[in-house]
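S.K.: let me see the structure of the following:
(one chain, ligands or ions: 1)
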Amino acid sequence: MYEQISHSLLNEILADLSPELEREDLRHFFTRLGANFYSIYCLFHLLYGDREDMRQQMQNLVERMARQYIQRPEINRKSDLEREKNHNWFLSQQWVGMALYSDGFAENLPDLRTRVPYFQELGVNILHLMPMLKCPKSKSDGGYAVSDFREIESRLGTMADLESLIEELRKREILIVLDVVVNHTSDEHEWASRARQGDKRYQDYYYIFENREVPNMFEETMPEIFPETSPGNFTWDEEMGKWVMTVFNDYQWDLNYSNPEVFIEMLDIILFWANQGADIIRLDAVAFLWKKIGSTCQNEREAHLILQLLKDCCQVSAPGVLFIAEAIVAPVEIIKYFGEDAVIAKECEIAYNATYMALLWDAVATKNAKLLNQGLKSLPDKLDRATWLNYIRCHDDIGLGFDDQDIFAVGYQPKLHRQFLIDFFTGAYEDSPARGLPFGRNNKTGDARISGSLASLVGLESALEAGDLERIHHAENLILLLHSLILSFGGIPLIYYGDEIGTINDTRYLEDESKANDTRWAHRPKIDWEKAEKRKQPNTVECRLFSGLKKMISVRKEIPAFADFNNRELLTVANPHLFVFSRFNYNHGSVLVVANFDSSPQHLNLDELNMGGLSRHGVIMDLYSGESPALFKNQLIIPPLHFYWLTDHHRNA
Ligand code: GLC
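M.R.: Numbers count the residues shown, from 1 in each chain. Here you go, the predicted structure:
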C-alpha cells in the first residue's frame with residue numbers, strides 16, 4: 001500500500017542507510033520492504049509513536065532487517081521464494097510433527113543426528129527441537145530461561161552440530177522448529193547483569209521498580225503462573241536494590257516491549273535463528289508480551305500489535321519462515337493469535353490448539369464427548385492460511401482452560417467438574433487408572449493443573465504394573481484413539497516424543513534438587529532405547545503403538561480431506577460417548593471420523609448424520625484398517641475406545 005507519510009519516511013531511511021549496506025544486492029529485500037512498510041510504520045507508530053527517538057529507532061529497525069537479509073544463506077532465500085509461490089504449503093496433510101529434547105530423545109545434538117532415520121521410519125517430517133540455548137544450570141525452566149540467545153548449551157553441542165543436524169534433516173525433507181523465548185530472559189543474561197550493575201539503558205529492557213507501589217498495583221489483577229514455586233509477579237533483586245517483574249519463575253525477567261530497543265533486539269534474534277535454518281519459529285508465551293496496570297497482563301491488544309509487527313518484519317527478511325504462537329489461553333483468545341486478517345493483520349500462521357487438547361482429556365476422563373462437542377462449537381472459525389498445532393501431550397502441564405459457560409451448558413458445575421478431572425488424572429478418584437501429578441496448585445483459587453506422560457495418564461503404567469492384559473489393551477487403544485483425533489482434525493499433528501512407544505512417567509527428576517518441585521519433569525523423559533527397540537518385536541506394547549501410529553501417519557498423508565482448509569463439520573449425534581466429525585474435500589471425497597470414548601462398544605445411527613458425506617449405497621470402509629466396520633441395518637458398531645476414518649470410496653479409486 002502506498003501512503004505519503006510512511007513512504008517519505010522510507011525514502012529518508014533508505015537515503016540514510018549505512019554505506020556498507022548500499023553495496024549489497026537488496027533487490028528482494030526492497031520489494032518486500034516496500035510492500036510491508038506502510039504496515040510496519042503504522043504498527044511501530046502505534047506502539048512507539050510517542051517517543052522522541054521514533055525516527056531513529058525506525059532507522060535502526062530497517063538496518064537490522066537489511067543486515068539479517070544479507071546474512072540469509074542462499075538455500076533459505078531459495079526456499080523463501082518457493083514458499084512464496086506455494087504459500088499454502090503448510091496446510092497440507094503431509095506434515096506430521098514431533099517435539100523432543102535433544103538430551104531426552106538422544107544424548108545431545110550429534111547423537112540426535114544419528115537418530116534421524118527414526119523420524120522417517122515413523123513418518124515424522126517436522127521436528128520441534130525444544131530449547132537448547134544457554135541457560136543457568138539450576139535455573140533453566142527446561143530451556144526457557146535463556147542467558148544467551150545466540151549460544152547453544154555446551155552440554156548439548158555447538159552451533160556446528162546444529163548446522164549438521166539441520167543439513168541431515170534437510171536431506172531427508174524434514175523441517176525444523178526452533179524456539180525463541182520472546183517474553184523474558186534469564187536473570188543471568190547479559191542485559192540483566194548490566195541492569196543489575198545500574199546501567200540505565202538495560203534497566204529499561206525490563207520492568208524495574210524502586211518500591212512496591214507499582215508492583216502492588218499490578219498484583220491486584222495479575223494471576224500467578226507458578227503459584228507454588230514462584231508466587232507473585234515481582235522479585236526483589238538484592239544487588240540492584242529494586243523490584244523486577246518476573247511473571248514466571250523468579251529468575252525469569254520479563255522484557256519490556258514498550259521499549260523499541262527490546263523489540264528490535266528480539267526481532268534480530270528471531271531473524272538470526274531463521275538464518276540458521278529454522279523453518280518455523282515457536283514464539284514462547286506470546287500472550288504475556290504487554291503489561292498494563294489494571295489488567296491480567298495477558299492477551300492485551302499491544303501484544304497482538306507486537307506480533308503483527310514481528311510478522312511484517314520477518315516477511316521482509318525471511319518470508320518463508322512461519323511462526324507458531326504458544327498462547328495457552330482461553331479459547332476465544334487463542335484464535336486471535338492468528339491475527340485479524342490473513343493479509344493486513346497477520347500474526348502467527350500456526351497456534352497450539354490448547355482448547356482441543358484440554359477437551360480431549362475431558363472426554364478421556366468422562367468417557368463421553370459432551371464437553372468436547374460443546375467446547376469446539378464455541379471455538380470461533382480461524383483465518384484462512386492459518387492452522388492448528390494439534391497435540392495430546394507436550395512438555396508442559398495440562399491446564400483445564402475450558403470455558404465455564406460450556407461446562408454449565410453440558411450440565412456440570414465448573415468447580416466440581418474441574419476438581420473431578422484433577423482427582424481423576426492424579427489417580428485420587430476411585431476407579432481411575434491414571435498416574436498423573438498435580439502441577440501449579442493455587443491454594444488461594446483452588447486451581448491446579450496436571451502433569452504426567454500420555455501413557456501414565458491413560459492408565460498404561462498402572463495396567464502394566466498390574467499385569468492386566470485387558471487394561472493394557474484399553475490404554476493402548478486410547479493412545480491410538482487420541483492420536484487418530486489429532487491426525488484427522490485439521491492442522492499439524494504434533495506427537496510428543498516417547499508417546500509413540502508408550503513411555504511412562506520418568507521419576508528421575510526427583511533426584512535433582514532444581515527439578516524436584518516441578519512435576520512437569522515427570523513427562524520430559526530420557527528415552528530408553530532398549531525399550532524403543534521393542535517396536536520391532538511383535539506382540540509388545542511398543543510394537544502395537546509404534547506400528548499403529550506409523551500406519552495412521554501414512555494413511556493420513558494420503559487423505560486430501562485431512563488438509564486444513566477449514567473443511568470440517570462437527571456432527572451432533574444422540575450417543576454421548578461418540579465424537580463425530582466429517583472432513584470434506586470436493587474433489588477427493590469426504591471422510592467421517594468417529595471416535596468412541598467409552599470402554600464399552602457403542603452404536604451410531606447413520607441415519608442421524610445425513611450420512612456426513614458418506615453415500616447410502618457405497619460400501620463403507622475404514623481407511624485406517626482397510627476393513628468394513630460392523631453394521632446392522634443403519635447402526636454402525638464402534639468397539640470400545642476405537643476410532644474409524646470412514647469413507648465410501650476405496651482410497652485408490
Ligand atoms: C512456556 C513454556 C513453558 C515455560 C514458560 C515460561 O509456556 O512452554 O515450559 O515454563 O513458557 O518460559
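S.K.: now do the residue in the stretch 1-150 of the chain that the ligand sits nearest to, the pLDDT please.
M.R.: Nearest to the ligand in the stretch 1-150 of the chain, going by C-beta to the nearest ligand atom, is residue 144, at a distance of 3.3 Å. For the C-beta atoms, the positions are set from N, CA and C on the backbone; glycine is no exception. Looking at residue 144, its pLDDT is 98.
S.K.: now it: how far from residue 307?
M.R.: 18 Å (C-beta to C-beta, to the nearest Å).
S.K.: ok, these two, which is more surrounded?
M.R.: Per other C-beta atoms under 10 Å, whichever of residue 144 and residue 307 has more neighbours is residue 307, with 26 against 22.
S.K.: my guess is the more buried one contacts residue 287. True?
M.R.: No. Look at residue 307 against residue 287 with C-beta atoms under 8 Å: they stay out of range, at 10.0 Å.
S.K.: so what sits against both of those two?
M.R.: Residues touching both residue 307 and residue 287 (C-beta atoms under 8 Å, 6 or more residues apart in numbering) are residue 337.
S.K.: would you mind listing what in this structure touches the ligand?
M.R.: Proximity of the chain to the ligand (C-beta under 6 Å from any ligand atom) is limited to residues 141, 142, 144, 181, 248, 284, 285, 326, 395, 396.
S.K.: tell me the contacts of whichever residue of the stretch 451-600 of the chain sits closest to the ligand?
M.R.: Closest approach between the stretch 451-600 of the chain and the ligand, counting by C-beta to the nearest ligand atom: residue 520, at 7.0 Å. Counting by C-beta under 8 Å, 6+ apart, residue 520 makes contact with 142, 395, 396, 397, 439, 451.
S.K.: try it again with 6 Å
M.R.: 397, 451 (C-beta atoms under 6 Å, 6 or more residues apart in numbering).
S.K.: for it, phi and psi?
M.R.: Dihedral angles of residue 520 (phi, psi; degrees, to the nearest 10) stand at phi -60, psi -20.
S.K.: all the helices of the stretch 151-300 of the chain, residue numbers only.
M.R.: Under the criterion DSSP state H, counting those that start in this stretch, the stretch 151-300 of the chain contains helices at 159-171, 190-196, 200-203, 213-219, 260-275.
S.K.: as JSON lines, these with mean pLDDT and mean neighbour count would be great.
M.R.: Listed next are the helices of the stretch 151-300 of the chain as JSON lines, based on pLDDT from 0 to 100; neighbours: other C-beta atoms under 10 Å:
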{"stretch": "helix 159-171", "mean pLDDT": "98", "mean neighbour count": "16"}
{"stretch": "helix 190-196", "mean pLDDT": "98", "mean neighbour count": "20"}
{"stretch": "helix 200-203", "mean pLDDT": "98", "mean neighbour count": "15"}
{"stretch": "helix 213-219", "mean pLDDT": "98", "mean neighbour count": "15"}
{"stretch": "helix 260-275", "mean pLDDT": "98", "mean neighbour count": "20"}
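S.K.: buried stuff in the helix ranked longest in the chain?
M.R.: With secondary structure taken from DSSP state H, the chain has its longest helix at helix 27-48. Neighbour counts over helix 27-48 (16 or more other C-beta atoms under 10 Å) mark 28-30, 32-33, 36-44, 47-48 as buried.
S.K.: tell me which residue is most central in the chain.
M.R.: residue 352 (3.8 Å; C-alpha atoms, centre = their mean).
S.K.: contact partners for that residue?
M.R.: Contacts of residue 352 (C-beta under 6 Å, 6+ apart): 326, 389.
S.K.: kindly report the same for residue 201.
M.R.: Taking C-beta under 6 Å, 6+ apart as the test, residue 201 contacts no residue whatsoever.
S.K.: at 10 Å what do you get?
M.R.: Each residue near residue 201 by C-beta atoms under 10 Å, 6 or more residues apart in numbering is listed here: 191, 194, 195, 259, 261.
S.K.: pretty sure residue 581 belongs to a strand, no?
M.R.: Yes. Counting by DSSP: H, G, I helix; E, B strand; the rest coil, residue 581 is part of a strand.
S.K.: quickly list what it is bridged to.
M.R.: Bridge pairing for residue 581 (DSSP bridges) gives the partners residue 570, residue 593.
S.K.: so it touches residue 591, yeah?
M.R.: Yes. Counting by C-beta atoms under 10 Å, residue 581 does reach residue 591; the two are 9.4 Å apart.
S.K.: select the helix or strand of the chain having the lowest average pLDDT value.
M.R.: strand 345-346 (a mean of 86; mean pLDDT, DSSP states H and E).
S.K.: tell me what it is packed against?
M.R.: Under the contact criterion of 3 or more C-beta pairs under 10 Å, 6 or more residues apart in numbering; DSSP states H and E, strand 345-346 touches helix 27-48, helix 301-317, strand 339-341.
S.K.: need the residues of the chain next to the ligand in TSV (columns: distance to residue 598).
M.R.: TSV is the format used below for the residues of the chain next to the ligand (distance: C-beta to C-beta, whole Å):
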residue	distance to residue 598
141	39
142	36
144	38
181	41
248	39
284	37
285	37
326	33
395	30
396	28
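S.K.: looking at the residues you listed, which is nearest the ligand?
M.R.: Among those, and counting by C-beta to the nearest ligand atom, the member closest to the ligand is residue 144, at 3.3 Å.
S.K.: the closest one against residue 226, yeah?
M.R.: No. Between residue 144 and residue 226 there is no contact, the gap being 11.6 Å when judged by C-beta under 10 Å.
S.K.: anything in contact with each of the two?
M.R.: By C-beta under 10 Å, 6+ apart, residue 144 and residue 226 have these common neighbours: 248, 249, 252.
S.K.: give the contact list for the second one.
M.R.: Contact criterion C-beta under 10 Å, 6+ apart gives 139-141, 144-145, 184, 186-187, 225-226, 229-230, 235, 518 as the residues in contact with residue 249.
S.K.: same thing but at 7 Å, please
M.R.: 141, 145, 226, 229, 230 (C-beta atoms under 7 Å, 6 or more residues apart in numbering).
S.K.: in stretch 363-383, what counts as buried?
M.R.: For stretch 363-383, by 16+ other C-beta under 10 Å, it's 363-366, 368-376, 379, 382-383.
S.K.: start and end of it, how far apart?
M.R.: End-to-end span of stretch 363-383 (C-alpha to C-alpha, to the nearest Å): 27 Å.
S.K.: picking that back up, neighbour count winner among residue 581 and residue 591?
M.R.: Of the pair residue 581 and residue 591, residue 591 is the one with more neighbours under other C-beta under 10 Å, namely 26 against 20.
S.K.: how near is that one to residue 281?
M.R.: 32 Å.
S.K.: go on, residue 80?
M.R.: Using C-beta to C-beta, residue 80 is found at 14 Å from residue 281.
S.K.: of these two, who's got more company?
M.R.: Neighbours around residue 80 and residue 281, counted as other C-beta under 10 Å, are more numerous at residue 281. The numbers are 26 against 20.
S.K.: local confidence estimate at the more buried one?
M.R.: Residue 281 is given a pLDDT of 98.
S.K.: and it, bridged to which residues?
M.R.: residue 178, residue 323.
S.K.: now do the least confident helix or strand of the chain: everything it contacts.
M.R.: Under C-beta under 7 Å, 6+ apart, the answer for strand 345-346 is 308, 311, 339.
S.K.: and stretch 145-152, how far out from the chain middle?
M.R.: Stretch 145-152 has its average C-alpha position 20 Å from the chain's average C-alpha position, going by C-alpha atoms, centre = their mean, to the nearest Å.
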